[in-house]
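Undergrad: next one to model:
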Amino acid sequence: MGRLFGTDGVRGIANEELTPLLAMQLGQAGAYVLTKEKEHKPTIMVGCDTRISGDMLANALMAGACSVGANCVYVGVIPTPAVAYLTQKYKVDAGVVISASHNPVEFNGIKFFDGDGFKLPDALEDEIESLINSQMQGVKFPIGPGVGKIKYRTDAREEYINHAIQSVKVDLSHLKIVVDCAEGAAYYTSVEALKEMGGEVVAIHNNPDGTNINANCGSTHMEELQARVVYEKANVGLAFDGDADRLLAVDENGKVVDGDQIMAIVGNYLKRQGRLKKDTIVATIMSNLGFFLMAEKQGLHAEQTKVGDRYVLERMKELGASLGGEQSGHVIFLDENTTGDGLLSALHLLQVMVETGKSLSELAQIMEVLPQALVNAKVANHKKERYMEYPEIAGAIAALEEKFAGEGRVLIRPSGTEPLVRVMIEGKDYEAIQAEAEALAKLIQDRMF
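TA: Modelled structure (predicted):
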């Protein structure tokens, strides 16, 4: 069996791979590991996205936590960054989000935050996993008054909205904004925050029914938002994912503005304001080459990490940086929250538009986006890390690296959350790199199936 935790918690098909039993075990082991040093009765905050399986898994997890003596506060449907913020604000011992982010409805996931609102390091996740594998060996289960209880709160999302509004003060009364809520956790918080700040908001995909999350909408399906921005003659479009920890934007002409561009726009604005710590932005190896060229030209330091916002965050903390993120739209403003935050990203981007008086298309010109071809190869989850063990695949990758040396790059990596190997080629001729990426992905899929 492979490692239970991926790059973003435990994830799988709900009720098949991620069962109520596993959720209960994660609740038991997670609560025990994260709170065992506490002398008081520990408290864990739990929230979820809009998936139909969320209540099932949340209640199973909270039952497990209560069984080892922890209390739970259930805040219901709420963005992932809201749980991170509220965990640290209320000084509870840990936070848990039930979500599979941008994945389809049949998936779900469980991710933990420590008492400071940060995702767990590998060592703590390994400790939780080890405890589950040992069937909770050595853990004493309390009885009587020692058992935990659950408290339900419905006001938490308002506190998160207030935090975002107070963090980025900007008058949006002159902007028309189309917001795609992905039928997910942003359906209320993002719309209300933008309206409270004066924006003229056109909301789409903000009627979640438990089964429609991320279905042809949100940050992974931008086409409808692009068309709607142009149709509405709006200033900007904002696309969230299912748990609202990432944001992609659309300019007034209907063109997508990705996470790299958002970091470039906001990072340079903050640098001019003297508010970008160390004049540094932490990005990943998947960030566009144009981002790093922009940083060099603008006098910014661009740091690279492995893919995954947890690795971005770790490097930010090491360096003392305040801004970092991923091309996919996870952007971390560490002075304001401890994880990727779609709403904060949106407000920072809108603030630059308002303060400079420039359109988003003008602002996006600060970096040239070099063509990237990204193709996914579907492989069995337990095989995805082993693609270099196949001589034909390794040879094909080496040939491509030699071909694109000096004027592009080839990056192959297994997905941290899905049964995929991602093939990314960057170069000057999009049609050529797309063809090469598709051919390599097909080879990987055929050989590793």
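Undergrad: for the strand or helix carrying Ile165, output the C-alpha coordinates as PDB.
TA: Ile165 is part of helix 156-167 when elements are defined by DSSP states H and E. Below are the C-alpha coordinates for helix 156-167, written out as PDB (Å, rounded to 0.1, in the frame of the first residue of the first chain):
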ATOM      1  CA  ALA A 156     -18.000  31.400  11.000                       C
ATOM      2  CA  ARG A 157     -18.200  32.400   7.400                       C
ATOM      3  CA  GLU A 158     -19.100  36.000   8.300                       C
ATOM      4  CA  GLU A 159     -16.000  36.200  10.400                       C
ATOM      5  CA  TYR A 160     -13.900  35.100   7.400                       C
ATOM      6  CA  ILE A 161     -15.500  37.600   5.100                       C
ATOM      7  CA  ASN A 162     -14.800  40.400   7.700                       C
ATOM      8  CA  HIS A 163     -11.200  39.300   7.900                       C
ATOM      9  CA  ALA A 164     -10.700  39.500   4.100                       C
ATOM     10  CA  ILE A 165     -12.400  42.900   3.900                       C
ATOM     11  CA  GLN A 166     -10.200  44.300   6.700                       C
ATOM     12  CA  SER A 167      -7.000  42.800   5.200                       C
END
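Undergrad: same for that helix, what does it pack against?
TA: Contacts defined by 3 or more Cβ pairs under 8 Å, 6 or more residues apart in numbering; DSSP states H and E place helix 156-167 against strand 71-77, helix 80-89, helix 186-196, helix 342-356. Where C-beta positions appear, they are placed from N, C-alpha and C, glycine not excepted.
Undergrad: and the angle from the second one to helix 186-196?
TA: If I follow you right, that is helix 80-89. 80 degrees (axes from the mean of the first three to the mean of the last three Cα atoms, to 10 degrees).
Undergrad: quick one: buried residues of helix 80-89?
TA: Going by neighbour count (16 or more other Cβ atoms under 10 Å), the buried part of helix 80-89 is Thr80, Pro81, Ala82, Val83, Ala84, Tyr85, Leu86, Thr87, Gln88.
Undergrad: mean confidence for the helix or strand that it is followed by?
TA: Sequence order places strand 94-98 as the next helix or strand after helix 80-89, per DSSP H and E. Per-region confidence: strand 94-98 scores 97 on mean pLDDT.
Undergrad: partner strands of strand 94-98, with direction?
TA: Using DSSP bridges, strand 94-98 pairs in its sheet with strand 43-48 (parallel), strand 107-114 (antiparallel).
Undergrad: check the offset of that strand from the chain's centre.
TA: Relative to its chain's centre, strand 94-98 lies at 14 Å (Cα atoms, centre = their mean, to the nearest Å).
Undergrad: so which of the helices and strands packed on helix 156-167 gets nearest Gly146?
TA: When the helices and strands packed on helix 156-167 are compared by Cβ to Cβ, strand 71-77 sits nearest Gly146, at 11.3 Å.
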